[in-house]
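Colleague: Okay, predicted coordinates and the sequence, questions at the end:
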Amino acid sequence: MATNSTVAFALAGASLLTLDKETRRGWRPSQLLATLGLAIATLALVGHLFGARPLYAVDRAAGMALITTIAFLLLHLGTLAARSDRGYISLLTARDLGGMLARRLFPATIVVPLLLGWLYLAGRDASFFSREGGAAVFSLTTIVVLLAFVLRSAVVVRAVDRERQAVLKREEAARAEAEDLAEVLRDQTARLEEQTNEAHQAAADARLATRRAEEAAAEAARARNEAQAANRAKSEFLAVMSHELRTPLNAIAGYVELMEMEVRGPITEAQRDDLARIKRSQKHLLGLINEVLNYARIEAGAMRYDIAPHGACELLSAVEPLVAPLLRAKGLSFERHNGHVDDRVLADPERVRQIFINLLSNAAKFTPPGGRVSLSCEPRADVVAFHVSDTGIGVPAERVASIFEPFVQINSRLTRTEEGIGLGLAISRDLAQGMGGDLTVNSREGTGSTFTLTLPRAR
């Protein structure tokens, strides 16, 4: 066996033995050994291509054969590729700008000199040019080809950098727009608080004037009208702000999906978990904004109802699949009693479904694991009553009268774990009254609650 073959074979074995070894400074002996072996095989290959025997036969023996040279090339290249994400080989496989530039220039630095050298020898053998002329052509051609590769790589790098700059500018513009929107929201909120305080003061003056004299009744009416105007302004403001906030929230969801699709590049599992938290927070905030928007629509009288006769059993059956996963996740049992099959009510099924979802979500929220939630209906004289019962924490007696007011919550402590802004029950009662029915509650603290939705019976 030739000396260079022996050395290349020994380097291959040593590189395989140290394949997973790494020094404290991050060097990988396996890659260094494989690189030396690859250099020996490459030298032999160049010798065979150009007929330079001293390059593949370093002693008087036959030297490294061409087939052996190719085998060693593949063996050492495979060893380097086995751990291509580590060591200095990772410079070629990285997905950043440096890796891209290396992958574009590395093949040219190997192939171009070999190809031009072979053409140079072929031209000399064919007497196309002299030794000096061939050397000049070889040098000039090498400069031109490598310069072309460098310029092309510079164009690609410039395009990538321009795209990055454009993305940074868009992000900066979006950040500035968000800051402007936040400033407008703070100003509007301050004005709303001022209007609310003025409305409360006007209402107090009106009550005092009513008690003192009949003549002050006109002044009380004027103050009441001002309060109503302030409430309308509040509803309009909530509607406008809800619409304005939905746009950046939807944009946030879009950018999160783009990042999850790795459009901007690969992401780690930790980053994917962070994106999932952002998406959950975005959906939660969007749900709160939708509640505010629905409340503003109801107060403004913009809510539309499609009232028609519907079966009570049909309404109960439609809501169970929507809330069953939530109840199972909380560890609650669920019971449904359909009542009489022929009971029919005048209602908008979409609004009824919204009421049931609000009530059942509250039941799941305030009922500890292992509790029970039930949904039933019963016919009465002119109405059909739907009952949503739970074995939760119940409502204190002093707060039963106020739980249907907007922005009122059963648990208002700062340490509460339940989500929401206190609009679900207010919206549900307004929807029930908009369909000609009502929503009431019977609750006992520590025992549970029963909410009753009454709807007119269909004749």
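Modeller: Looks like it came in fine.
Colleague: which stretches of this protein form helices?
Modeller: Along the chain, the stretches classed as helices by DSSP state H are 3-17, 29-50, 53-56, 66-82, 90-93, 97-125, 131-212, 217-260, 269-299, 312-330, 349-365, 424-434.
Colleague: would you list those helices in CSV and tack on mean pLDDT?
Modeller: Shown next, in CSV, are those (pLDDT from 0 to 100):
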stretch, mean pLDDT
helix 3-17, 84
helix 29-50, 84
helix 53-56, 77
helix 66-82, 86
helix 90-93, 74
helix 97-125, 72
helix 131-212, 79
helix 217-260, 71
helix 269-299, 72
helix 312-330, 87
helix 349-365, 89
helix 424-434, 88
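Colleague: Of the ones you listed, which is nearest Gly446?
Modeller: helix 349-365 (15.3 Å; Cβ to Cβ). All C-beta spots, glycine's among them, are computed from the backbone N, C-alpha and C.
Colleague: With distance to Ile403 and mean neighbour count added, can I get the helices of the chain in a markdown table?
Modeller: Output for the helices of the chain, formatted as a markdown table (distance: least, Cβ to Cβ, whole Å; neighbours: other Cβ atoms under 10 Å):
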| stretch | distance to Ile403 | mean neighbour count |
| --- | --- | --- |
| helix 3-17 | 74 | 18 |
| helix 29-50 | 70 | 20 |
| helix 53-56 | 91 | 16 |
| helix 66-82 | 67 | 17 |
| helix 90-93 | 62 | 14 |
| helix 97-125 | 59 | 14 |
| helix 131-212 | 21 | 12 |
| helix 217-260 | 20 | 15 |
| helix 269-299 | 15 | 15 |
| helix 312-330 | 20 | 16 |
| helix 349-365 | 10 | 21 |
| helix 424-434 | 6 | 21 |
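Colleague: quick one: which of those helices is nearest Ser449?
Modeller: helix 349-365 (7.6 Å).
Colleague: Would you mind giving me the confidence score for Ala409?
Modeller: No, residue 409 isn't Ala; it's Gln. Gln409 is assigned 65 on the pLDDT scale.
Colleague: Equivalent analysis for Ala126, please.
Modeller: So Ala126 comes in at 72 (pLDDT).
Colleague: so how far is Gly370 from the nearest residue to Lys21 once chain neighbours are set aside?
Modeller: Once flanking residues are discounted, Lys21 sits nearest to Pro29: 5.5 Å by Cβ to Cβ, 6 or more residues apart in numbering. Pro29 is 60 Å from Gly370, where distance means Cβ to Cβ, to the nearest Å.
Colleague: Next, format the helices of the chain as TSV and append distance to Val388.
Modeller: Formatted as TSV, those follow (distance: least, Cβ to Cβ, whole Å):
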stretch	distance to Val388
helix 3-17	70
helix 29-50	68
helix 53-56	88
helix 66-82	63
helix 90-93	59
helix 97-125	59
helix 131-212	32
helix 217-260	27
helix 269-299	18
helix 312-330	10
helix 349-365	4
helix 424-434	10
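Colleague: Ala397: which of those helices is closest?
Modeller: helix 424-434 (16.7 Å).
Colleague: tell me the angle the closest one makes with helix 349-365.
Modeller: 150 degrees (axes from the mean of the first three to the mean of the last three Cα atoms, to 10 degrees).
Colleague: what about the nearest residue to Ala312 once chain neighbours are set aside, neighbour count?
Modeller: Nearest residue to Ala312, sequence neighbours excluded (Cβ to Cβ, 6+ apart): Asp343, at 4.2 Å. For Asp343, the neighbour count with other Cβ atoms under 10 Å is 17.
Colleague: Is it correct that Asp343 is in contact with Ala385?
Modeller: No. Proximity of Asp343 to Ala385 does not meet the contact threshold set by Cβ atoms under 8 Å, at 10.2 Å.
Colleague: Overlap in contacts, those two.
Modeller: Here Asp343 and Ala385 have 377, 379 as joint contacts, going by Cβ atoms under 8 Å, 6 or more residues apart in numbering.
Colleague: Now for the residue nearest to Tyr305 when sequence neighbours are not counted, how many residues are close by?
Modeller: In this structure, Tyr305 finds its nearest non-sequential neighbour in Asp348, 4.5 Å apart by Cβ to Cβ, 6+ apart. Per other Cβ under 10 Å, the neighbour tally for Asp348 reads 19.
Colleague: tell me the contacts of Asp348?
Modeller: By Cβ under 8 Å, 6+ apart, the neighbours of Asp348 are 305-308, 435.
Colleague: Report the buried members of those residues.
Modeller: Taking 16 or more other Cβ atoms under 10 Å as the criterion, what is buried in the contacts of Asp348 is 307, 435.
Colleague: Asn4 against Ala44, yeah?
Modeller: Yes. Contact criterion Cβ under 8 Å: Asn4 and Ala44 qualify, at 6.3 Å.
Colleague: so who does Val395 touch?
Modeller: If you count contacts by Cβ under 8 Å, 6+ apart, then Val395 has 403, 410, 441, 443, 445, 449 around it.
Colleague: Could you check how far the fourth one is from Asp390?
Modeller: Which is Ser443. For Ser443 relative to Asp390 (Cβ to Cβ), the value is 10 Å.
Colleague: Show me what Arg457 bridges to in the sheet.
Modeller: Val345 (DSSP bridges).
Colleague: so it touches Cys377, yeah?
Modeller: No. Taking contacts as Cβ under 8 Å, Arg457 lies outside contact range of Cys377: 11.3 Å.
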